[in-house]
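*Asks:* Using only what follows, build the 3D model:
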Amino acid sequence: MEHSGQKLDKYYIKKVDADKKSIYCHHDLMGELFIPPHKHNKAQLLYAEGDVVFVTTETKTYFLPARHFIWIPSGVEHSIEPKSESVTMRNLYFPVEKEEDDFYKIEGIYPVNNLLLQMMLFTNRWNGDLKKGTPNFTIAKAIKAILPQICTNNLPLELPQPKDKRLGKILRHIENNLGETILFADVAHEFGFSERSLYRLFQKDLKMSFIQYYTIRRILKAIELLLERKLSVKEVAEEVGYNSVPTFSNTFFKILGQRPSDYLNGEEILESK
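*Replies:* Below is the predicted model of the structure:
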């Protein structure tokens, strides 16, 4: 546990809540591949660039793509695991205020639009406590204030953690065969379930169907591959089991709100400033 404590200290976890009234800011190249479970009294806005970041709570694993942010409410225990050390994470930690909008009470992943991006640019050289009454505090508070108005699309980029060990084996099977077409009937037969009983297990344990889980997992893998910038959209589609590029593109759009070609061509603006 000592090693974990050292990591928490290194990433200023204890400093976040030291001043209860300040907005705390921490921007840095990740440098580490795992920040162990911890929580803050302040809510956290975490923006990522460079690669994917996995944020795991007690019940879900969130998949944070580059050029998106996750809102983590006050008191939610979470661990942070970037896919690579090249990830740049930009964090703003906000004190909880009375009678806040419900937006701030719910975990969620949102795309960063141009307005929010421009406001985030002001934070590039900030680090540490932003004291009430200072210009930087005012800008940071404005960032928080506009979130409920501009962030209306909470993206379904999370997957629940299975409790049933039998389901854990099935999900590992899906993970290891994302490049193949996986049929529900075949999975049920291979793991000794009737289709009806396996459907019920997915609904009871994960609160989603097999096809919902399978589709989201394929798209999450596609995002990872697109961020690597080594494959074309057609090749990425094939890697996650889609024989039709239009079908892949439409599914990607339904989940992420943009086409894979647009996502592939996106610029990491904050990183270049």
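*Asks:* Next, find the distance separating residue 221 from residue 143.
*Replies:* 31 Å (C-beta to C-beta, to the nearest Å). C-beta coordinates here come from the backbone N, C-alpha and C atoms, glycine included.
*Asks:* what's the answer for residue 125, then?
*Replies:* Residue 125 sits 15 Å away from residue 143, going by C-beta to C-beta.
*Asks:* Give me the spatial nearest neighbour of residue 103, chain neighbours excluded.
*Replies:* Distance criterion C-beta to C-beta, 6 or more residues apart in numbering; nearest residue to residue 103, sequence neighbours excluded, is residue 148 at 4.0 Å.
*Asks:* Kindly confirm my reading that the one you found is in a helix.
*Replies:* Yes: counting by DSSP: H, G, I helix; E, B strand; the rest coil, residue 148 is found in a helix.
*Asks:* Hmm, residue 101 and it touching each other?
*Replies:* Yes: contact criterion C-beta atoms under 8 Å: residue 148 and residue 101 qualify, at 4.6 Å.
*Asks:* coming back round to it: between residue 125 and residue 143, tell me which one has more neighbours.
*Replies:* residue 143 (18 against 9; other C-beta atoms under 10 Å).
*Asks:* Which strands or helices does the lengthiest helix in the chain pack on?
*Replies:* Longest helix of the chain, by residue count under DSSP state H: helix 210-228. Other helices and strands packing on helix 210-228, by 3 or more C-beta pairs under 8 Å, 6 or more residues apart in numbering; DSSP states H and E, are strand 158-160, helix 165-176, helix 184-190, helix 195-206, helix 233-239, helix 245-256, helix 260-264.
*Asks:* one more time with 6 Å, if that's ok
*Replies:* Secondary-structure packing of helix 210-228 (3 or more C-beta pairs under 6 Å, 6 or more residues apart in numbering; DSSP states H and E): helix 233-239.
*Asks:* which residues are contacting the helix it packs on?
*Replies:* Identification of contacts with helix 233-239 by C-beta atoms under 6 Å, 6 or more residues apart in numbering yields 179, 222, 225-226, 245, 248, 260-261.
*Asks:* Compare these and tell me which is most surrounded.
*Replies:* With neighbours defined as other C-beta under 10 Å, the most crowded of the contacts of helix 233-239 is residue 222; it has 26 neighbours.
*Asks:* And stretch 143-160, what's buried?
*Replies:* 143-144, 147, 151, 155-159 (16 or more other C-beta atoms under 10 Å).
*Asks:* Contacts made by it with the rest, please.
*Replies:* With C-beta under 6 Å, 6+ apart as the test, stretch 143-160 has contacts from 60-63, 94, 101, 103, 108-110, 119, 206, 257.
*Asks:* Residues in contact with stretch 213-228: which ones?
*Replies:* Here stretch 213-228 makes contact (C-beta under 6 Å, 6+ apart) with 51-52, 63, 65-66, 178, 231, 236, 239-240, 252, 255, 263-264.
*Asks:* Report the buried members of these.
*Replies:* 51-52, 63, 65-66, 178, 236, 239-240, 252, 255, 263-264.
*Asks:* count of residues packed around the residue nearest to residue 244 when sequence neighbours are not counted?
*Replies:* Sequence neighbours aside, residue 237 is the residue nearest to residue 244 in space, at 7.6 Å (criterion: C-beta to C-beta, 6+ apart). By the criterion of other C-beta under 10 Å, residue 237 has 24 neighbours.
*Asks:* remind me which residues of this protein are low pLDDT?
*Replies:* Applying pLDDT under 70 to the chain picks out residues 1-13, 29-32, 266-273.
*Asks:* Centroid-nearest residue for this structure?
*Replies:* For the chain, residue 64 is the residue whose C-alpha lies nearest the centre (C-alpha atoms, centre = their mean; 2.3 Å).
*Asks:* That one contacts residue 48, doesn't it?
*Replies:* Yes: with contacts counted by C-beta atoms under 6 Å, residue 64 reaches residue 48, the gap being 5.2 Å.
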